[in-house]
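# I would like the atomic coordinates for the input below:
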Amino acid sequence: METRWFLLDHFQQGGRGQEVGWAIKVPLPSAMTVRPSWFVNPGSHDISVFEINGRHLKLIDRVPSGGTRPISVATHEDYVYVLNAGGTGNIAGFELTQHNKLKPIAGSVQPLSGANTAPAQISFNLSGDTLVVTEKAPQIIDTYAVDEDGVASAPVSQPSNGATPFGFSFTPRGVLVVSEAFGGAPNASAVSSYSLRDGQLTVWSGSVSTTQTAACWIVITKNGKFAYASNTGSNNISSYRVRSAGRLTLQEAVATPTGAGPIDMALNKNSRFLYVLNTVSNSLEVFRVNRGNGHLTPGTGVSGIPNGANGLVAR
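The predicted structure follows:
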């Protein structure tokens, strides 16, 4: 099976992407031949919409993000939400039209918990009725109820179990797994898991240490058994075993070393391969995932990635 990957700066987006941010490919159902993807442009405060058709990307739309400095995007069915980190910060919703254009959803713009919160990521839960946002500075996780028309409610702000909540992902059972960078303190990073019900978070596993530095992003295998945290400060990946109830156990503090500055990760759709983008060494690494025990085996990567590449998506 062929896996394809795209880098945020590899294609002309029409916007200014030069600022810290990231992008997520969020395809429509796999039965569709042409799939839309969204990329945020922090420098020009807008979103680029691409159609992915085989190996080809085509820019089809570009719209204001509903705020300033968009850094993350989430989708469920035809609804798209953007996390804007600039100014006082907010989230803003859009509906995808039949022509793959984005139309703002009236009443969808909602604030974060306050100003200057240094938000990191936005994502829908599996059922699409709740949005989650991590805020690094106040150590808060926000949840927003989303109604059947795609309109988000005001935030419910809850304390993170550990310091500097950053990236997160959901298991197939809907358990929320969040990395905690602990302000970049040496060897202090951790990962926590939560149940999410009616917008309320309950800790399952609290701050299970990676024993590494600056855990940023989390990916979870399709079978829900393994989670991986990228440790940007210590240039490696930690692996966790995820139990059926969402309990976490550190499997390998260093599942694999990486190049310098692992800034993003992506699993392909069957979780057979893990891709890691290293922003300091300008490289892309690939690891084969053993779906039985979660071990990672290095494959053949790519060097000479353009400076400023800041997001990674895989199919």
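# can we go C-alpha only for contacts and neighbour counts from here?
Will do.
# what about the closest residue to residue 147 other than its chain neighbours, how many residues close to it?
Spatial nearest neighbour of residue 147, chain neighbours left out: residue 129 (6.6 Å); criterion: Cα to Cα, 6 or more residues apart in numbering. For residue 129, the neighbour count with other Cα atoms under 10 Å is 18.
# next one: residue 99
Counted with other Cα under 10 Å, residue 99 comes out at 9.
# quick one: the strands in the stretch 201-315 of the chain, in order.
Under the criterion DSSP state E, counting those that start in this stretch, strands of the stretch 201-315 of the chain are mapped to 215-220, 226-231, 236-242, 248-257, 262-267, 273-278, 283-289, 296-298, 302-303, 312-314.
# and the angle from the fifth one to strand 236-242?
Relative orientation of strand 262-267 with respect to strand 236-242: 40 degrees, computed using axes from the mean of the first three to the mean of the last three Cα atoms, to 10 degrees.
# got it, and the fourth one?
Here the directions of strand 248-257 and strand 236-242 differ by 150 degrees (the same axes, to 10 degrees).
# which residues touch strand 248-257?
Contacts to strand 248-257, defined as Cα atoms under 8 Å, 6 or more residues apart in numbering, come from residues 192-193, 205, 208-212, 235-242, 295-296.
# backbone phi and psi for the residue lying closest to residue 134 once chain neighbours are set aside, please?
Residue nearest to residue 134 in three dimensions, not counting chain neighbours: residue 141, with 4.7 Å by Cα to Cα, 6+ apart. Residue 141 adopts backbone torsions of phi -120, psi 120, taken as degrees, to the nearest 10.
# with residue 213 instead?
Main-chain dihedrals, residue 213, degrees, to the nearest 10: phi -120, psi 130.
# try residue 293
Torsion angles, degrees, to the nearest 10, at residue 293: phi -120, psi 0.
# neighbours of it, how many?
Residue 293, neighbours per other Cα under 10 Å, totals 11.
# and for residue 205?
17.
# same question for residue 302.
The burial count for residue 302: 11, using other Cα under 10 Å.
# got it, and residue 143?
28.
# beta partners of the residue nearest to it when sequence neighbours are not counted?
Once flanking residues are discounted, residue 143 sits nearest to residue 132: 4.6 Å by Cα to Cα, 6+ apart. Assessed by DSSP bridges, residue 132 has beta-bridge partners residue 123, residue 143.
# so what pLDDT did residue 132 get?
Turning to residue 132, the model gives it a pLDDT of 98.
# next, work out how far apart it and residue 277 are.
With the distance defined as Cα to Cα, to the nearest Å, residue 132 ends up 24 Å from residue 277.
# try residue 82
22 Å.
# now do residue 136
From residue 136 to residue 277 the distance is 22 Å (Cα to Cα).
# pretty sure residue 162 is touching residue 205, no?
No: using Cα atoms under 8 Å, residue 162 is not in contact with residue 205; the gap is 10.8 Å.
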